[in-house]
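Peer 1: Build me a model from this:
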Amino acid sequence: MTISLCIIFTPMITKILRTGLVATSGLCLAAGLFAQTPAAPALTFPHASPDATVTQRVGLTDIQINYARPGAKGRKVFGGLVAYGRIWRTGANTATKISFSTPVKLNGTAIPAGTYEVFTIPGESEWTLIIHQNKSQWGAYAYDEKNDVARIKSVPVALAAPVETLDLSLNDIRDESATLNISWASVRVPVALTVDVKSTLVPQIEAVMASGGEKLPYFQAAMYYFENNLDLKKALAWMDAGIAAQPDAFYMVYRKALIQEKTGDKSGAIATAHKSLEGAAKAQGELKAEYTDLNNALLARLK
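Peer 2: Just a heads-up that it's a prediction; the model follows:
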């Protein structure tokens, strides 16, 4: 911003200015005035309860947990900082959120696909896990029971070593199950999570394997049926087809022996394990050692 400034000089001031300046009865000055206070530098401080995101696929279901992680910091947590018998946001700051890309079950309770808030009611001998409609609320101050989707009971487990920072995790992962754990201080609260893969995947496998197309997923289909105790005759036929396409794949031969073992074909499993050993002997390094050990362990079981 530019301001015109006009100064009127008195005779005395004019006389003084004649010693070094042009005398005048009036002087107009144009000055650019920049009197703004400079902005303070931006500061970023560490969060007392840092944000965290857990992302995990279980079977064909994508699960995500968003929460803030408070620390114990020398405080008594449950029965102190977090009261027994009261609604807790299960974290800090904004209420904890969990999302499922498909329907799931938590301790046997069906939960539709979607994004939810997670609240809990801690207790000394029993916890209540609350799956709540997503209201994007801060804390549990506006919690309303009428928005509950489900309430699930769980028995807490004492931890041998304390956990300093609240930890929400998914462990014990299988094709159709996992354990959702809430761990803090000396307590872990496990919740069994199950998903239905078979009803979706098996019809797809059957259709693809019956299509007669090229490069069918023989190995993957055979292993899925083997690991999930489905039709083992089909699993064996698919593994044979995979081996026929890759005769040197001794890792497939080993897994054919596993299928034979599960079907009760002891002599067939022994013969197949020996074939896998022969193939492994031609390999190098860790791969050779791994499949030599695996086949020898299988043969030891089959004695």
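
Peer 1: what residues are up against the residue nearest the centre of the chain?
Peer 2: What sits nearest the mean C-alpha location of the chain, by Cα atoms, centre = their mean, is residue 55, with 2.0 Å. By Cβ atoms under 8 Å, 6 or more residues apart in numbering, the contact set of residue 55 is 62-64. The C-beta positions use only the backbone N, C-alpha and C, and glycine is treated the same way.

Peer 1: where's it relative to residue 98, distance?
Peer 2: Using Cβ to Cβ, to the nearest Å, residue 55 is found at 11 Å from residue 98.

Peer 1: Now do the shared contacts for the two.
Peer 2: Common contact partners of residue 55 and residue 98 (Cβ under 8 Å, 6+ apart): 63-64.

Peer 1: List the contacts of residue 159.
Peer 2: Neighbouring residues of residue 159 by Cβ under 8 Å, 6+ apart: 183, 185-188.

Peer 1: With pLDDT and distance to residue 289 added, can I get these in TSV?
Peer 2: Shown next, in TSV, are the contacts of residue 159 (pLDDT from 0 to 100; distance: Cβ to Cβ, whole Å):
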residue	pLDDT	distance to residue 289
183	98	37
185	97	43
186	96	42
187	97	42
188	98	37
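
Peer 1: Please produce a ChimeraX select command covering the buried subset of those.
Peer 2: The buried residues among these can be selected in ChimeraX (16 or more other Cβ atoms under 10 Å) with this line:
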select :183,185,186,187,188
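
Peer 1: Enumerate the beta-bridge partners assigned to the residue nearest to the centre of the chain.
Peer 2: On the basis of DSSP bridges, residue 55 is bridged to residue 64.

Peer 1: Looking at the contacts of residue 159, spot the one nearest residue 121.
Peer 2: residue 187 (13.6 Å; Cβ to Cβ).

Peer 1: so that closest one touches residue 158, yeah?
Peer 2: Yes. Taking contacts as Cβ atoms under 8 Å, residue 187 lies within contact range of residue 158: 6.8 Å.

Peer 1: Name the residues of the helix or strand hosting residue 291 that are buried.
Peer 2: Assigned by DSSP states H and E, residue 291 belongs to helix 285-302. Neighbour-count burial for helix 285-302 flags 291, 294-295, 298-299 (criterion: 16+ other Cβ under 10 Å).

Peer 1: could these be laid out in JSON lines, adding pLDDT and distance to residue 255?
Peer 2: Below are the buried residues of helix 285-302 laid out as JSON lines (pLDDT from 0 to 100; distance: Cβ to Cβ, whole Å):
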{"residue": "291", "pLDDT": "97", "distance to residue 255": "10"}
{"residue": "294", "pLDDT": "98", "distance to residue 255": "10"}
{"residue": "295", "pLDDT": "97", "distance to residue 255": "11"}
{"residue": "298", "pLDDT": "98", "distance to residue 255": "10"}
{"residue": "299", "pLDDT": "98", "distance to residue 255": "15"}
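
Peer 1: which residues of the stretch 201-303 of the chain fall in strands?
Peer 2: Along the stretch 201-303 of the chain, no stretch is classed among the strands by DSSP state E, counting those that start in this stretch.

Peer 1: could you point out where it is predicted with low confidence?
Peer 2: For the stretch 201-303 of the chain, no stretch has pLDDT under 70.

Peer 1: which residues in it form helices?
Peer 2: Ranges of helices in the stretch 201-303 of the chain, per DSSP state H, counting those that start in this stretch, are 218-227, 232-245, 250-263, 266-281, 285-302.

Peer 1: Please produce CSV containing the ones you listed, extended by distance to residue 174.
Peer 2: Converted to CSV, the helices of the stretch 201-303 of the chain look like this (distance: least, Cβ to Cβ, whole Å):
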stretch, distance to residue 174
helix 218-227, 9
helix 232-245, 18
helix 250-263, 17
helix 266-281, 24
helix 285-302, 21
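
Peer 1: Which among the ones you listed is found nearest to residue 80?
Peer 2: Proximity to residue 80 (Cβ to Cβ) singles out helix 218-227 among the helices of the stretch 201-303 of the chain, at 45.1 Å.

Peer 1: Summarise which helices and strands the closest one is packed against.
Peer 2: Where contact means 3 or more Cβ pairs under 8 Å, 6 or more residues apart in numbering; DSSP states H and E, helix 218-227 is packed against helix 198-209, helix 232-245, helix 250-263.

Peer 1: List the buried residues for that helix?
Peer 2: Neighbour-count burial for helix 218-227 flags 218-219, 221-226 (criterion: 16+ other Cβ under 10 Å).

Peer 1: Compute the number of surrounding residues for the nearest residue to residue 79 once chain neighbours are set aside.
Peer 2: Closest residue to residue 79 apart from its sequence neighbours, by Cβ to Cβ, 6 or more residues apart in numbering: residue 124 at 7.3 Å. Using other Cβ atoms under 10 Å, residue 124 is surrounded by 11 other residues.
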